[in-house]
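> Give me a 3D structure for the following:
(2 chains)
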Amino acid sequence: MSETNKIYTLPKLEYDYKDLAPYMSEEQLQIHHGKHHQAYVDGANGILQKLDKARKENADLDLKSTLKELSFNIGGHLMHSLFWGNLAPEGKGGGAKPGGRLAEVLTKEFGSVERFTKEFTQAAVSTEGSGWAALTYCKLTARPIIMQVEKHNANVYPMFTILMVVDVFEHAYYIDYKNDRAKFVDAFFHIANWNAVNIRLERLLDACS
Amino acid sequence: MAITLPPLPYDVAALEPHLTKENLELHYGKHHNAYVVNLNKFIEEGKADGSKSLDEIIQASSAGPVFNNAAQIWNHTFYWSCMKPKGGGEPKGALADAIVRDFGSFAGFKEKFTNASVSQFGSGWGWLVWENGKLAVTSSGNADLPMKHGQVALLTCDVWEHAYYPTYKNLRPKYVEVFLANLVNWDFVTKNLGLAQK
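The predicted structure follows:
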């Protein structure tokens, strides 16, 4: 209720805009992070401030449309933050093979890392309209499960931890790949930071044990 | 019978500078064409009935790949006709009267149509439709379209990112503004209103 309430901020990238080329060009990454992601941060903060203001003035809000918009914007912010964190320049963390417990977990569930990659690719390529493919982990069954998100917030499994995402909104690849989403998803695996994904998994498993 | 990609009503460069040649080449030649190719594949595989019209295929199908591709063919064909070189501005005659009656003013319509188009989450379409004897502004997600909701489409603005990204990048509001100011073919919209009122 006060000015000290926290708001969302755009995370800094751990690499330069040019570092993911040629798989993701400098222009593509710059506009994606600096414009699209920033817009979700601003959108979410704007709604939080609108809620703060309405409470302060004891005014009524159209909660249905406000919360729909908040879900889209917070979803956009969190998914993009996860995305940047599971990318790395090729040869500097990007593009290697999954290792450690991640490789074990994927092999146990999918039979092989290749089979996982195939299913994950199919999920990404077939996402309807705009959305994401995500690798999640279900603590109840101890299974890694693929999630196909529409927009930033539909078809989500509540409470499942997200380990890895790939953005298949057209804005994620249009500058570099135009209408060829499949080509972008192939390129993603050259800059996928498997070590970061493994760390996300290990944190989760350690917290469970 | 196979569904064909209808010809673009103007040259791919005709809407420059408001939509670039590259923008239209991709949008018409790649995206619109891909929906046609996909639907014909479904017809060949017996998943859609090729003896029916596109409208009938859309009406007969529920959410899924057949509907998505058929509806996107319809949406894009309709969208191309909604634009023309040196279009935009304000409509005249019966359409202008109906807009004033149902939205108070052209500015009132413009604000509603812009909001609906700009704030559609993810991919979709902004629409002016005829519903229950009056005009209404709506938006739809992905391939969804007015005929599935008992409405008659009069005007649409494609707000899938592929519709404007080559020309405007992330600036969807700018694209929608230019669409209304410089591209809308009001004669086509007026004709649609006349047919809807019959």
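> Next, count neighbours for B:Val36.
Number of residues near B:Val36 (other C-beta atoms under 10 Å in any protein chain shown) recorded here: 21. (C-beta placed from N, C-alpha, C; glycine too.)
> which residues of the chain fall in helices?
Picked chain A for this. A:26-31, A:38-56, A:63-85, A:100-110, A:113-125, A:174-177, A:181-188, A:194-208 (DSSP state H).
> nope, chain B please
Going by DSSP H, chain B shows helices at B:21-26, B:33-44, B:54-60, B:65-81, B:93-103, B:106-119, B:161-168, B:172-178, B:186-197.
> So for the last one, mean pLDDT?
Just to be clear, that refers to helix B:186-197. Mean pLDDT, computed over helix B:186-197, is 97.
> again, but for the longest one
Averaging the model's pLDDT scores along helix B:65-81 yields 98.
> is any part of that helix close to chain A?
Yes - applying C-beta under 8 Å from any C-beta of the partner chain, one finds helix B:65-81 touching chain A at B:Asn68.
> and of the helices of chain B, who's closest to A:Tyr15?
For these, the distance to A:Tyr15 is smallest for helix B:161-168, at 23.8 Å, taking C-beta to C-beta.
> Which positions in that closest one come out as buried?
B:Glu161, B:His162, B:Ala163, B:Tyr164, B:Tyr165, B:Pro166, B:Thr167, B:Tyr168 (16 or more other C-beta atoms under 10 Å in any protein chain shown).
> cool, stretch B:97-115 as well?
Residues of stretch B:97-115 classed as buried: B:Ala98, B:Ile99, B:Asp102, B:Phe103, B:Phe109, B:Lys110, B:Lys112, B:Phe113, B:Thr114 (neighbour count, 16+ other C-beta under 10 Å).
> Against chain A, how distant is the nearest residue to B:Asp49 once chain neighbours are set aside?
With C-beta to C-beta, 6 or more residues apart in numbering or on different chains as the criterion, B:Asp49 has its nearest non-adjacent residue at 6.6 Å, and that residue is B:Ile57. In this structure, B:Ile57 and chain A are 18 Å apart, going by C-beta to the nearest C-beta, to the nearest Å.
> which of the buried residues of helix B:161-168 come close to chain A?
Taking C-beta under 8 Å from any C-beta as the test, chain A is in contact with B:Glu161, B:His162, B:Tyr165, B:Pro166 out of these.
> picking that back up, want to throw the buried residues of helix B:161-168 into CSV with distance to B:Tyr79?
Shown next, in CSV, are the buried residues of helix B:161-168 (distance: C-beta to C-beta, whole Å):
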residue, distance to B:Tyr79
B:Glu161, 15
B:His162, 12
B:Ala163, 8
B:Tyr164, 12
B:Tyr165, 15
B:Pro166, 16
B:Thr167, 15
B:Tyr168, 16
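> Pick the one among those residues closest to B:Trp186.
Closest to B:Trp186, out of all of the buried residues of helix B:161-168 and judged by C-beta to C-beta, is B:Ala163, at 19.7 Å.
> and chain B, which residues reach chain A?
Counting by C-beta under 8 Å from any C-beta, the residues of chain B that sit close to chain A are B:26, B:30-31, B:34, B:68, B:119, B:121-124, B:141-143, B:160-162, B:165-166, B:169-170.
> on that earlier part again, which residues touch the residue nearest to B:Asp49?
B:Ile57 is in contact with B:Leu39, B:Ala48, B:Asp49, B:Val66, B:Ala70, counting by C-beta atoms under 8 Å, 6 or more residues apart in numbering or on different chains.
> contacting residues for residue 163?
In the absence of a named chain, this looks at chain A. A:Asn86, A:Leu102, A:Ala134, A:Leu135, A:Thr136, A:Tyr137, A:Pro144, A:Val197, A:Arg200, A:Leu201, A:Leu204.
> Can you look at chain B instead?
With C-beta under 8 Å, 6+ apart, B:Ala163 has these contacts: B:His27, B:Tyr79, B:Tyr175.
> One more: B:Pro146?
B:Pro146 neighbours (C-beta under 8 Å, 6+ apart): B:Trp127, B:Val129, B:Glu131, B:Thr138, B:Ser140, B:Val152, B:Ala153.
> and the second one, how many residues sit next to it?
For B:Val129, the number of neighbouring residues by other C-beta under 10 Å comes to 23.
> Spatially nearest residue to it (excluding sequence neighbours)?
Of all residues beyond its chain neighbours, the one nearest B:Val129 is B:Gln151 (3.9 Å), with distances taken as C-beta to C-beta, 6+ apart.
> Would you check how far apart the closest residue to A:Lys53 other than its chain neighbours and B:Ser119 are?
Nearest residue to A:Lys53, sequence neighbours excluded (C-beta to C-beta, 6+ apart): A:Ala59, at 7.6 Å. Distance, A:Ala59 to B:Ser119, by C-beta to C-beta, to the nearest Å: 21 Å.
> Pick out whichever of the two has more residues nearby.
More crowded of A:Ala59 and B:Ser119, by other C-beta under 10 Å: B:Ser119, with 16 against 9.
> list the contacts for the more buried one?
B:Ser119 touches A:Glu69, B:Ser139, counting by C-beta under 8 Å, 6+ apart.
> Quick check: A:Leu70 touching A:Ala44?
Yes - between A:Leu70 and A:Ala44 there is a contact under C-beta atoms under 8 Å: 6.5 Å.
> Settle it for me: which of those two has more neighbours?
Taking neighbours as other C-beta under 10 Å, A:Leu70 and A:Ala44 compare with A:Ala44 leading, 22 against 19.
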